[in-house]
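# Everything below, folded, please.
(chains A, B, C and D)
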There are 4 protein chains.
Amino acid sequence: MEFQGNKLHLTVFGQSHAPAVGMVLDGLPSGFAVDMEKLQSFLARRAPGQSRFTTARKEADIPEFVSGLTEGVACGAPVCALIRNGDKRSADYARFFSVPRPSHADYPARVRYGDAYDFRGGGPFSGRLTAPLCVAGGIALQWLEARGVFLGAHIASIAGIRDAAFDPVDVSAADFEAVRSRDFPVLDPAAGQRMQEAIDLARQEQDSVGGVVECAAVGLPAGVGGPLFEGLESALSAALFAIPAVKGVAFGSGFEAAALRGSRHNDPYILKGGQVRTATNHAGGLLGGMTTGMPLLLTAAFKPTPSIGQAQKSVNLDTLEEEELVITGRHDPCVVPRAVPVVEAVAALVLMDRLL
Amino acid sequence: MEFQGNKLHLTVFGQSHAPAVGMVLDGLPSGFAVDMEKLQSFLARRAPGQSRFTTARKEADIPEFVSGLTEGVACGAPVCALIRNGDKRSADYARFFSVPRPSHADYPARVRYGDAYDFRGGGPFSGRLTAPLCVAGGIALQWLEARGVFLGAHIASIAGIRDAAFDPVDVSAADFEAVRSRDFPVLDPAAGQRMQEAIDLARQEQDSVGGVVECAAVGLPAGVGGPLFEGLESALSAALFAIPAVKGVAFGSGFEAAALRGSRHNDPYILKGGQVRTATNHAGGLLGGMTTGMPLLLTAAFKPTPSIGQAQKSVNLDTLEEEELVITGRHDPCVVPRAVPVVEAVAALVLMDRLL
Amino acid sequence: MEFQGNKLHLTVFGQSHAPAVGMVLDGLPSGFAVDMEKLQSFLARRAPGQSRFTTARKEADIPEFVSGLTEGVACGAPVCALIRNGDKRSADYARFFSVPRPSHADYPARVRYGDAYDFRGGGPFSGRLTAPLCVAGGIALQWLEARGVFLGAHIASIAGIRDAAFDPVDVSAADFEAVRSRDFPVLDPAAGQRMQEAIDLARQEQDSVGGVVECAAVGLPAGVGGPLFEGLESALSAALFAIPAVKGVAFGSGFEAAALRGSRHNDPYILKGGQVRTATNHAGGLLGGMTTGMPLLLTAAFKPTPSIGQAQKSVNLDTLEEEELVITGRHDPCVVPRAVPVVEAVAALVLMDRLL
Amino acid sequence: MEFQGNKLHLTVFGQSHAPAVGMVLDGLPSGFAVDMEKLQSFLARRAPGQSRFTTARKEADIPEFVSGLTEGVACGAPVCALIRNGDKRSADYARFFSVPRPSHADYPARVRYGDAYDFRGGGPFSGRLTAPLCVAGGIALQWLEARGVFLGAHIASIAGIRDAAFDPVDVSAADFEAVRSRDFPVLDPAAGQRMQEAIDLARQEQDSVGGVVECAAVGLPAGVGGPLFEGLESALSAALFAIPAVKGVAFGSGFEAAALRGSRHNDPYILKGGQVRTATNHAGGLLGGMTTGMPLLLTAAFKPTPSIGQAQKSVNLDTLEEEELVITGRHDPCVVPRAVPVVEAVAALVLMDRLL
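All right, here's what the predicted structure looks like:
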């Protein structure tokens, strides 16, 4: 459960119903001051229970820093933060050890870990583990901002309902702030309204919906990354697929690029204010695994929440008989709104690592 | 330019117009016998010049193994293979150092590497580097097959023209063989015919097209992978994005999953021949970063070849003036057919690493 | 502050006067049951304050496990343990930021980390950090024992006074137990008595002494390790030099081997009970970076404690003037007795990693 | 067979009697010009056959660079160099597969690699593999020198006969040049004469001798390295123990420090020309795993060459009977003179990695 960057190493630990989840971030430069209030605001965007669109589980998500920071300032030693797990209802999960929930990690996790697997609350596969990811990523975001690199994300679509897209050539930090100022992180509030209605409808029907998050970064210099396995796409996608429920990652025009002609897809170089820029940005700011200096653009697709209230078919692994399963307990009908800061967090970690 | 698996380490070296490209594969178990004829057949599927759909550059692509194999049998020491670069026309590239080709690595590479950058033929960013990838991956494929794991790919689409898809529940090694037996690697020859016409048309119009490759693996046990950054999707996507021109990677239903309801997307568990299986396979054989034992399914989107014959806008980096650029030389109007074995190669490396 | 094994990853965090020190151990196999009482006994061997030979600082050193263990049994997720820091006297250290203590990390640490460096109690360079090392290593020792691999260490010398040596051919787990049963970890109690007198004398003279720890492991199969950088000596020495105050590491005859003739140093192969063994063991159980199946033998040299009560010369880094420095506070006149379990701990981590 | 630095990755490949040995060095900065003549001189110091003190095997050891250099200048892509193996007498080794040579890697290598092990000439465990190490390290040395860091080594002792030592406080690049200018790399030619006599005597008696190499580096800034596993000693020792035949590594006073009092061992800080220095340098330029800015000093102990002409006892692994073994063929009675540049090479790689 480690992110091994070139200079930044992140170790995440914890299970959903263990005493705590947490992280150790090694590589934060000595002297960097973490704005704790800003970090807490960032974590609040991911925390559950803040709106009607998320699970009813209440978690304060206030990290305790036990090393690496002296009054908020990095001393150069690894930064360890804990978030205690409270409000657990482990009994809710007792049955899933025998009868795995469809499209959850239950079944392969039991195969891998055997009887000692801590399946309570999804164990180490729980979305709960994105809390420490956001502690690390929230610090990385602050570090990037101090260097003029700004990063933001929004819901690109939920249940097929699309938000406006970032301007691939001119997206700016102001756009990121606009999204953050809204309760529901979209560019177009009208689209956001329709998405929320779709989520509500799914909830009423004991169902769930998925969606896509778009993320952009501006202020990156050109030439960051490298050939083959050193490419920035490799590092970013590896980090993004670490987020539970992500099923697809694309850069720039992504899968749509595959249907375009080269003459349409290529981004011509132009001069703008004496700088080398491209007139379009189908590349999403990445060529040859390296940044071009244009906005970096990526999308991550999230599957619908596998926990739904409807009865589902499963198999009892102990009796080897098919059984019907009804999942009770508290679950998001849509993880996408809370996933927006998580996408920002992991992208920020990768970019910080490469800029250190 | 290294793939750092848990047990398998691959180092790729070379530039397009250096004396050689090659690879060092560390971790191949002692005693494993490489079928050299089979490996050469695999490499031939990637090699250029074998059909009218690829660049006219002739390359024999016959690797010389200088260490690690004794009469084809691994001795346990790292395996090094060289492929000499011949038939180079470095003069073709002289201008691109000053005037970067749109949507190629030229510009960011010059920023990163400076004046010493070996831009001839695209340097280390050239598709030429996929030849040593295929040497390593071709060996990995043989190793997997010896353990009952079969892996295959086909062109899922070119220029928007779709092939049939692998059966997500019942795809088999026989399907992979069927694709390999064809000159043009598709499931549906009629679709393949239309794709080839689209490529021909693009060539005639001095243009290029992109496409999508679908890859599947069968015979994998359940429980391979792990939480967060240990997930198989992270490792596979990192390897796939290392392939030049890949802009998107998805597993199972991928981006389409984002528009589905949970009730539709979830894969119910069933018993089949006493085995735990899923009735559908939207997950693409992966849950919680781990294999489910169902076929592993992934897609990779390739952008259209950036080298096109049409005049394009660029900027002279030395004079800082905009210039028109016409690319001559030999180029594939579509890299997708040759990319099929490359996708197999890198996927095989990752899977072998996790099964070792 | 990470140990990156092939399968075992250890992240250590904390500073001497931070809220806590701790560790995250990733790779402990699911289902392994930690004997907490035994672990606590192991930690007690390292803990200060248990005898007159160590610093007066009182530390309970009772780890709190916040993840990865369910009632002491590993669930497969990373194991995180915290040890809270109490009884800190940070004011003792205020001066050393300006006037570095000779032969401590103070000066280079300030150069590296700058003004934000947490110099209190030696920060992350404190011997305090060996407490979490021992938590991880103590678990590794238990894992090894469950596989028939036993590991033990003793004081080979202090202040030049030598203990008996392990029998290089016939050392056994019983020898390790004998050492552990003693308050002062030596093979020969009479030698131990003389060492303690030397320590007492040094303390009375406001001075300190160093020493050598010898460590052995039995029950290892042959063939563990590999060529060049894969050698077991590389991994073991890297882990041993991570222990503060270690200045030398040797295997088998070590530096003495350099003065021997080959005819004397070579270990002839013999058959013993049908097994391939060597008649002597100058190799210390390691050839070509691999285990031979004979006892693994290593020594680690510890410098004398740099904190001494005598006045010393130093330089004020702020005024750039030479100053006399007198170190008050609590310090071990000899770290070697407490270092014995630390050597066992890091050696156990490396061996467990290679046997997993 | 990889050195994984923070920024520099070295992959070594080859076996003694494979077509070639070689290396891939990733991380050499673009634009760095390798002085090929100087590199060849460096390699000549390690090459066999240049004097009467080394094996009669003739090897030109001229590397062929197949990637990463354009007319000697690094282009930023990995640098691959091959050294072809010639003058092999594989038949000399046929018996050792069944009857392992005492104190060679033969026995554990056969256990590890099984029947497919390439035992000819010692396979990947041969001293032959230090040739590509020296290619990489010779480049690193040039890179360091261009940054004002100089590194040199000499024979500290052979067969117990001691050379003078480097001045721990004032050793300089001139001392390194003086050693290099001599056929036999010592500081004191008279001591060197006695060593050569000892080697000759051992040869006449069909025996061998070991020795110690001392290495120093000057020009290093303070503060390079870090706590616990980040310490420079860990990285240096791991690299040094990768050299075949090394049995001990120490820094500064090393094992002798263990017998000193703190008052004698501590290095007082002084001002010298406005710089913070230490009056003595028992620390060998390293405190807390970090450089102090004083000369870095280390020693590596080499065991006597295990190949001796005298009859030795061994065991036939196929018949499981004890047998007498007589080793014929060509062997160094002492590897220490040729090991001097190898020690420089691996130390240079580690230091370059940390300074990049």
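# Could you report the separation of A:Arg180 from A:Ala146?
Per Cβ to Cβ, to the nearest Å, A:Arg180 is found 18 Å from A:Ala146. For the C-beta atoms, the positions are set from N, CA and C on the backbone; glycine is no exception.
# contacting residues around stretch A:67-78?
A:24-26, A:28-36, A:79-80, C:1, C:11-15, C:18-22, C:112-113, C:116-118, C:123-124, D:227 (Cβ atoms under 8 Å, 6 or more residues apart in numbering or on different chains).
# Export only the CA atoms of it, formatted as CSV.
Only the C-alpha atoms of stretch A:67-78 are listed here, as CSV (Å, rounded to 0.1, in the frame of the first residue of the first chain):
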residue,chain,number,x,y,z
SER,A,67,5.9,12.9,13.5
GLY,A,68,7.6,15.0,10.9
LEU,A,69,6.0,18.3,11.7
THR,A,70,6.9,20.9,14.3
GLU,A,71,4.1,23.3,14.7
GLY,A,72,3.0,22.5,11.2
VAL,A,73,6.4,22.9,9.7
ALA,A,74,8.2,19.9,8.1
CYS,A,75,11.4,19.1,9.8
GLY,A,76,12.6,16.7,7.1
ALA,A,77,11.7,13.5,8.9
PRO,A,78,8.8,11.4,7.6
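# Buried residues of it, list them for me.
A:67-70, A:74-78 (16 or more other Cβ atoms under 10 Å in any protein chain shown).
# And for A:Ala77, nearest residue in space, chain neighbours not counted?
C:Pro124 (3.9 Å; Cβ to Cβ, 6 or more residues apart in numbering or on different chains).
# Shouldn't that neighbour be within a helix?
Yes: the assignment for C:Pro124 by DSSP: H, G, I helix; E, B strand; the rest coil puts it in a helix.
# show me where pLDDT drops low in chain A?
Residues of chain A meeting the criterion pLDDT under 70: A:49-60, A:87, A:330.
# Could you pull out the helices in it for me?
Using DSSP state H, the helices of chain A run over A:36-46, A:106-113, A:130-146, A:173-180, A:189-204, A:232-240, A:254-257, A:262-265, A:336-355.
# For the residue of chain A most remote from its centre, give me its contacts.
The C-alpha centroid of chain A is most remote from A:Thr319, which lies 37.2 Å away (Cα atoms, centre = their mean). By Cβ under 8 Å, 6+ apart, A:Thr319 lies in contact with A:Ser98.
# Run the chain-centre distance for stretch A:176-186.
With Cα atoms, centre = their mean, to the nearest Å as the basis, stretch A:176-186 stands 16 Å off its chain's centre.
# And stretch A:343-354, by the same measure?
10 Å.
# Pull the residues that contact it.
Here stretch A:343-354 has contacts from A:3, A:5-8, A:10, A:27, A:42, A:130, A:133-134, A:136-138, A:140-141, A:143-144, A:149, A:151-153, A:213, A:215, A:217, A:220, A:224-225, A:232, A:235-236, A:239-240, A:242-243, A:296, A:298, A:300, using Cβ under 8 Å, 6+ apart.
# List the buried residues of stretch A:16-31.
In stretch A:16-31, counting by 16+ other Cβ under 10 Å, buried: A:16-28, A:30.
# Briefly note if it comes near chain D.
No: using Cβ under 8 Å from any Cβ of the partner chain, stretch A:16-31 stays clear of chain D, with a minimum separation of 8.9 Å.
# just how off-centre is that stretch within its chain?
For stretch A:16-31 - counting by Cα atoms, centre = their mean - the centre lies 17 Å from the chain centre.
# quick one: contacts for the residue nearest to A:Phe96 when sequence neighbours are not counted?
Nearest in space to A:Phe96, with sequence neighbours left out and distances taken as Cβ to Cβ, 6+ apart, is A:Asp106 at 5.1 Å. A:Asp106 is in contact with A:96-97, A:100, A:119, A:122, counting by Cβ under 8 Å, 6+ apart.
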